[in-house]
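K.L.:
sequence below, structure please.
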Amino acid sequence: MEIFATTPFGGARLTARNVALRADLERRRARLPAGDDGPQAAQVEKYRIIRALSEARPVWGLSDRTIAVLEALASFHQDRHLDGRAPIIVFPSNAELSLRARGMSPATLRRHLASLVEAGLILRRDSANGKRYCRRDDRGTVESAFGFDLAPLALRAEEILSSAAVVRDTARRIARLRTEISLHLRDIAKIIDAAATEGFATLDATLWQDGLERLRGLSGRVLRNGTEAHLSARRAALVALRAEVEAGYLAAVSHEKMSANDTQFEPHIQSSDSENSFDRGQDRIETAAETENAIAPERKSTGIALHDFLKLCPDIADYARRGVSGWPDVIGAASVVRTMLGISPSAWFAAQKAMGEIGAAIVMAGILQRSTAIRSPGGYLRDLTARAEDGRFSIGPMLKALG
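P.N.:
Alright, predicted model coming up:
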């Protein structure tokens with residue numbers, strides 16, 4: 001069946017896009033494989049493709065009512081499948097099309113049909129008088145038909161299905177971001193509240209006041225129509241804030257325990273690494289030059305310079321707020337990574353106690369570097385912590401294994 005009608009009926013003008021869409025239709029048809037694979041490659045289940053379009057409406061610039069009109073048009077094609085190897089002309093009257101489109105008015109129908117044509121999902125095959133009909137021969141075979149051609153749906157099936165998959169993936173990522181944001185907001189608020197309730201906020205009032213102000217700025221309703229980029233930026237800011245308040249809370253807990261032990265004159269036992277904690281002041285640390293050239297102050301294992309460490313664990317630098325210029329920056333970045341990997345505060349505190357702050361930060365950097373091969377970062381860190389407590393773990397060999 002040959003179709004020669006290419007221009008719209010009545011006052012509607014022929015546009016360059018009309019011609020381009022028809023030419024694209026013929027190119028797609030010409031690229032269909034020949035032989036036994038041809039029919040299968042050209043066919044698509046019509047309701048599957050309409051469902052995919054419903055999911056990908058924003059990509060194609062279609063409304064739900066436009067999809068309803070397309071579904072009504074497709075219902076006039078008797079076969080369940082659309083075969084793009086030849087024109088698929090449906091020719092319902094306006095009255096019949098309106099009924100199947102839930103009583104949509106003629107003017108509204110025309111608007112949505114125009115949207116489908118503009119999107120390149122259907123083609124107009126107008127007759128000389130603008131009527132939709134078909135002519136049949138003596139045996140009942142259709143000789144010519146005028147109406148709407150559904151072949152573009154079949155020929156663009158791969159593109160439609162792909163766009164629907166992209167929309168689904170984006171929706172899943174956004175849902176995950178919204179959940180993470182809600183959890184971070186809840187957890188940060190509870191940590192700050194716990195610090196205030198337990199009196200820890202008085203130890204570093206600036207930290208907690210700043211944290212509270214930043215939390216207020218990041219709080220508010222998580223909008224359902226928020227963009228992925230906006231939600232990702234909000235999540236990243238919350239992750240950084242959470243790492244800071246958790247680190248402050250753990251430091252306050254540690255300070256409280258030490259104060260209680262000193263008051264009761266009990267022996268205080270800890271590893272040499274913990275004694276050199278960076279947030280106890282410069283008087284408890286070696287000189288900057290010594291720190292730059294050692295894994296951790298007073299460690300007995302083989303030392304490693306900061307720049308050598310960064311060569312083995314470069315990914316940790318991505319989580320440092322102002323870059324890595326010293327071990328304190330590595331410690332801060334490790335706190336952010338700990339939260340990102342879902343490692344609990346208790347596991348992190350135990351690792352710091354057993355390995356020292358620098359040692360625990362180096363281990364965290366190593367876990368990040370091998371994160372694709374480690375199924376349970378929290379369990380892995382606890383295992384290394386237990387070995388460190390028994391004196392069976394050394395950071396040097398772990399770092400060499402990364403080289």
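K.L.:
and residue 157, what does it touch?
P.N.:
Residues near residue 157 by C-beta atoms under 8 Å, 6 or more residues apart in numbering: 44, 49, 84. (Each C-beta comes from the backbone N, C-alpha and C, glycine too.)
K.L.:
going by distance to residue 351, which of these wins?
P.N.:
Residue 351 has its nearest neighbour among the contacts of residue 157 in residue 49, at 53.5 Å by C-beta to C-beta.
K.L.:
surely the closest one meets residue 152?
P.N.:
No: the criterion here is C-beta atoms under 8 Å, and residue 49 misses it with residue 152 at 10.4 Å.
K.L.:
for the stretch 1-150 of the chain, what spans make up the helices?
P.N.:
16-30, 37-42, 46-55, 57-60, 64-74, 94-100, 106-118 (DSSP state H, counting those that start in this stretch).
K.L.:
try the stretch 301-403 of the chain
P.N.:
306-312, 327-340, 345-369, 377-389, 395-402.
K.L.:
so the third one versus helix 395-402, what angle?
P.N.:
Right, the one you point to is helix 345-369. 40 degrees (axes from the mean of the first three to the mean of the last three C-alpha atoms, to 10 degrees).
K.L.:
check contacts around residue 47.
P.N.:
71, 74, 80.
K.L.:
residue 385: neighbouring residues, count only.
P.N.:
22 (other C-beta atoms under 10 Å).
K.L.:
surely residue 393 meets residue 382?
P.N.:
No: contact criterion C-beta under 8 Å: residue 393 and residue 382 do not qualify, at 11.9 Å.
K.L.:
picking that back up, how about the contacts of residue 157 in TSV, adding pLDDT?
P.N.:
Formatted as TSV, the contacts of residue 157 follow (pLDDT from 0 to 100):
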residue	pLDDT
44	90
49	94
84	84
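K.L.:
tell me, please, the helix or strand in this protein that averages the lowest pLDDT.
P.N.:
helix 288-292 (a mean of 32; mean pLDDT, DSSP states H and E).
K.L.:
now do the residue nearest the centre of the chain, the pLDDT please.
P.N.:
Centroid-nearest residue in the chain, with C-alpha atoms, centre = their mean: residue 173, separated by 3.5 Å. The model reports residue 173 with a pLDDT of 92.
K.L.:
ditto for the one 5 residues further on
P.N.:
We note a pLDDT of 89 for residue 178 in this prediction.
K.L.:
just give the closest residue to it, not the sequence neighbours.
P.N.:
Spatially, and ignoring its direct neighbours in sequence, residue 178 is nearest to residue 222 (4.9 Å; C-beta to C-beta, 6 or more residues apart in numbering).
K.L.:
next: residue 320.
P.N.:
residue 333 (4.1 Å).
K.L.:
how close does residue 317 sit to residue 130?
P.N.:
68 Å (C-beta to C-beta, to the nearest Å).
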